[in-house]
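Visitor: just the structure for this:
(chains A and B)
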Amino acid sequence: MKKTLALLLAVAMMLALVPAVLAEDLEPITVTVFRGDPGDQPTEDNKIYKLIEEEFGIKFEFEFLAGDLDETLGLKIAGGVYPDLFDGGNSAEMLENADVLIDMLPYISEEKTPNLYKHIYTENRIAQLLDDDGHLHIIPNYGINYNGQVQNAPSGPQFFLQKQVIEFNDYVVPTTLNEYFDLIERFIAANPVNADGTPYTGFAILCEDWRHFCLINPVQHLMGRPNDGEVIVDVNTDAYTTTTFINQPYAKDYYKKLNEEFNKGIISRDTFVMNYDQYIAALSNGTVLGMFDQAWDFGGATAALNDAGMYANTFIGMPLVYDESYGYGVIEEHYVNGTVMNKDRGFGISVTCEDPERMIMFFEELLSDRWQIILQWGIEGEDYYVENGRFLMTDEQYANLNNSEWKRANKANTIWESCPKKQGLMDDGNAWAPGDQAEIYFGQMNAYDIDFYAKLGVRVPGDLFDMTLELAPYGEAWQIDKTPIEIDYEDFNNIQDKRLPELIMAAPADFDALWDAFVEEINPSCEVYSAFMQAEVLKLVEQALGN
Amino acid sequence: MTVNARILPKRKKSLWNIIVQQKWLIIMSVPVLLYVLLFNYAPMWGWITAFQDYKPKDGLMNSDWVGIKNFSWLFSRPEFLDVLRNTLAMSIINLVFGTVSAIVLAVLLNEVTKTGFKRVVQTVTYLPHFLSMVIVVSMAQNIFSSNGVINDFIGKIQDLLIKIGLMENKPMPVFWLGEKKIFWWLQGVINVWKEVGWGTIIYISAMTSIDPCLYEAASIDGAGRFKRILHVTLPGIKSTFVILLIMNIGHLLEAGFEIQYLMENSQVQDYSRTIDVFVMHYGISKMQYGIASAAGMFKSVVAIILLFGANFIASKLGEDSLI
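Guide: Numbers count the residues shown, from 1 in each chain, chains lettered A, B, ... in the order given. Reported below is the predicted structural model:
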């Protein structure tokens, strides 16, 4: 059986230029797919999936996340029944550690899979992708750019404010923590309620489950470091000294500031008991003025605000740091971090998949220029048109991209989002993603935003950030898998989740004493965590520098 | 049965005769027996993971044996002791609240003579039982949020008190959903709201089986309405009450899962987490199967002890025992 299939594959590859023949030779199969986040089932007659079926003989059966991710993955692992293509979302480490995913490396070679080979071996990317045993379980779904990166608006961590607040401040964007909260206070003093009479909330903090990064991550950024999760790495020495920051005096400054703001009524108590849905609902109704978050985390709220025409209530991100009054000197912001591969995120192939080779060949074909254009742009003439070599969309075509019903029938979103993909620019200068194409990005911008950015004096939101910073050799430390110290990590997180909200909600007079108690309580797990992360960071540096 | 036994001549039946005679009863009980074997006894095999460092990839037979390490780890965690305390506390609160509210409502309904009104009240009170806990908790989260209906109402009263000079400053609104000490009682109240109507059904049916002559006799003896409740209605439902109590005590470590799971947040977690949520969290999310099995096993053992204890006490008190 194996031999016949291999033979079939060989034949298939030879005939790759004649897709119709290929489908006839390959036995049609149904591939089960799990996605670690909620999603929409495509329609029965989805045009792209139809094309995939014709060309590859592959039909998909999708399962999307409903409920808690860790629990769902845990149940699947305990049950031992896996989908063929398995995207574990934000907890894919669970799959890797439970040996659910196959090692893809043996299937990838320069001769057989040139696209994939180029994709992961260029710039020695492979060094970062392999686990300790030298296995490759997942090819990143995002963050591999061709011909440079297009980043009009950073999608990572930032402090956000509603655009109307910036408008209120005569289009001056705060650059420090104190300016930021001062502005929110002034805005609320002048406008305590919105047009409907609902009071504004100055600052929201999401603290649910893994999304608690909104609560615990800001300190590193205020100190001028990129997103390394819960540690600060000193990149100025070869020792790459790695320390947790939450137990440091410079973390106290941030939470003390939040405590002050809480006692001024800028932060509501409800924010600490909100779940993600409630948080998105709060942002969507336009009454939350600011928060620390990552742009992709509240995309639903941004879409809802735009749909409702509440453009002034949409958010703009900014890189804040501590000002000099905190005594840490002048801090340069470092929010955007070069190109970060989304390591360990995307499709893995499960050990129960009957024909992993066929899946790899499928990824390989999808990574061809032709398929990348089909997946990202669509079908020429139907979904986009080409003028003077530039890929363009009519208003209607672009509007379709934001229409989930249309997408269900005309895009293969689920597959595209989790598959290896090309980002950045094509060789001819067109952007791989329609939203990155300059003509489309600016052509589709609503009148409010055009006016807003003009008055702000920036071309794109990303201009507020330093986009030239380089990624450290270890990547971004948040990507490090913490499963080996699972229970200690759990304690480390638990203490922060419980105590930080208590600290913020404390009476100002009690704050110092409570902070000292917090530091004492968390120090033991900080030590375990720092030591673990230090070792992992050094390992990554060694891998990247190859010595 | 007893009547028949007296009339018919005594004859010793063979086991086979009994089986043949009761064949329909036996056939009817087969599905239940299978159900219990499949879902209650078969999974006990998994208890061996409590003594293992279980990894799904190694399977039950090949995982490392660790003795009682999982149990000693559990009992060395202050968190687990909190979890035990929460489970017991919420269970007792739910048992007392649930039983008392159901009996009170049942007695009240029993005294209502207008059947129309009685039916409406019964229907309205037991409808929430059919709502999913997810919906109930979402409603509760809205009602009890900082600017929800309850705090609105309290705020209005406080405004009034300030106006007439009985109060000086308006305090912060109550933080119903994030205050540790409130959680047990809040979930108790929500449970009562959801289950009170359902709970009355069994008591009302017990009350209908009370002989009306007893009420008439009591009235003739000069008993008023309250005396009749005290001396006729309540003794009439005593055996039902005891049976339910025994069953509930067996479930004392099952304080519930859904409501605690849905209403949990980092602020109340120390007081909200029950054994079941703990098992779910460590067993499924954190993949510490051994620890979760150990906790689940501990729970079952304690439940068996409680059940037999309650049964023993009940039979000593001269009531019907369950086992």
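
Visitor: residue contacts, A:A507?
Guide: For A:A507, the contact set (C-beta atoms under 8 Å, 6 or more residues apart in numbering or on different chains) comprises A:N263. C-beta: built from backbone N, CA, C; applies to glycine.

Visitor: list the contacts for the residue in the stretch 101-250 of chain A that chain B sits nearest to?
Guide: Across the stretch 101-250 of chain A, the shortest distance to chain B (C-beta to the nearest C-beta) belongs to A:C207, at 6.0 Å. A:C207 makes contacts with A:C214, A:L215, A:T271, A:F272, A:M274, A:D497, A:L500, A:P501, B:N265, B:S266, as judged by C-beta under 8 Å, 6+ apart.

Visitor: can you give me the strands in the stretch 351-500 of chain A?
Guide: With DSSP state E, counting those that start in this stretch applied, the stretch 351-500 of chain A shows strands at A:385-387, A:390-392, A:423-424, listed in chain order.

Visitor: show me the contact partners of the second one.
Guide: Strand A:390-392 is contacted from outside by A:W377, A:Y384, A:Y385, A:V386, A:N430, A:A431, A:P434, A:Q437, A:E439, A:I440, using C-beta under 8 Å, 6+ apart.

Visitor: list the buried residues in it.
Guide: Neighbour-count burial for strand A:390-392, with 16 or more other C-beta atoms under 10 Å in any protein chain shown as criterion, is recorded at A:F391, A:L392.

Visitor: neighbouring strands for that strand, and are they parallel or not?
Guide: strand A:385-387 (antiparallel) (DSSP bridges).

Visitor: near chain A, which residues of chain B show up?
Guide: Proximity of chain B to chain A (C-beta under 8 Å from any C-beta of the partner chain) is limited to residues B:55-57, B:141, B:145-147, B:175, B:177-178, B:265-270, B:280, B:283-289.

Visitor: buried only: go through these for me.
Guide: Counted by 16+ other C-beta under 10 Å, the residues of chain B next to chain A give B:55-56, B:141, B:145-146, B:175, B:177-178, B:265-270, B:280, B:283-289 as buried.

Visitor: mind checking which of those are in helices?
Guide: Under the assignment DSSP state H, those contribute B:Q141, B:Q269, B:D270, B:Y289 to helices.

Visitor: measure the first one to A:S268 for me?
Guide: Read it as B:Q141. The spacing between B:Q141 and A:S268, counted by C-beta to C-beta, to the nearest Å, is 14 Å.

Visitor: neighbours of A:Q158, how many?
Guide: For A:Q158, the neighbour count with other C-beta atoms under 10 Å in any protein chain shown is 27.

Visitor: flag the shaky bits of chain A, pLDDT-wise.
Guide: Within chain A, the stretches with pLDDT under 70 are A:1-25, A:547.

Visitor: quickly list the domain ranges of it.
Guide: A:2-149+A:343-427, A:157-335+A:480-545 (automatic domain parsing).

Visitor: might you name the residue of the stretch 401-547 of chain A sitting closest to chain B?
Guide: Residue of the stretch 401-547 of chain A nearest chain B, by C-beta to the nearest C-beta: A:D497 (3.6 Å).

Visitor: I'd say that residue and B:V268 touch.
Guide: No. With contact defined as C-beta atoms under 8 Å, A:D497 does not reach B:V268; the gap is 11.4 Å.

Visitor: which stretches in the stretch 1-150 of chain A count as strands?
Guide: So, for the stretch 1-150 of chain A - with DSSP E, counting those that start in this stretch - the strands run A:29-35, A:58-64, A:85-87, A:145-146.

Visitor: neighbouring strands - and their directions - for the third one?
Guide: When you say that, I think you mean strand A:85-87. Assessed with DSSP bridges, strand A:85-87 is paired to strand A:29-35 (parallel), strand A:348-349 (antiparallel).

Visitor: what's the angle from the longest one to strand A:58-64?
Guide: Using axes from the mean of the first three to the mean of the last three C-alpha atoms, to 10 degrees, one finds that strand A:29-35 and strand A:58-64 are set 20 degrees apart in direction.

Visitor: and the longest helix seen in chain A, anywhere near chain B?
Guide: Ordering each helix of chain A by length in residues (DSSP H) puts helix A:511-545 first. No. On the criterion C-beta under 8 Å from any C-beta, helix A:511-545 is out of touch with chain B, staying 11.8 Å away.

Visitor: chain center to that helix: distance?
Guide: 24 Å (C-alpha atoms, centre = their mean, to the nearest Å).

Visitor: next: stretch A:378-398.
Guide: Chain-centre distance of stretch A:378-398: 27 Å, with C-alpha atoms, centre = their mean.

Visitor: quick one: the strands in chain B?
Guide: For chain B, strands defined by DSSP state E occupy the ranges B:52-53, B:64-65.

Visitor: check which helices and strands the last one sits against.
Guide: With contacts defined as 3 or more C-beta pairs under 8 Å, 6 or more residues apart in numbering or on different chains; DSSP states H and E, the packing partners of strand B:64-65 are strand B:52-53.

Visitor: partner strands of the strand it packs on, parallel or antiparallel?
Guide: strand B:64-65 (antiparallel).

Visitor: any idea of the mean pLDDT for the partner strand?
Guide: Strand B:64-65 shows an average pLDDT of 90 in the prediction.

Visitor: next up, the contacts around the residue of the stretch 251-400 of chain A found nearest chain B.
Guide: The minimum distance from the stretch 251-400 of chain A to chain B, using C-beta to the nearest C-beta, falls at A:V273 (4.4 Å). Going by C-beta under 8 Å, 6+ apart, A:V273 touches B:Q141, B:L177, B:G178, B:N265, B:Q267, B:V268.
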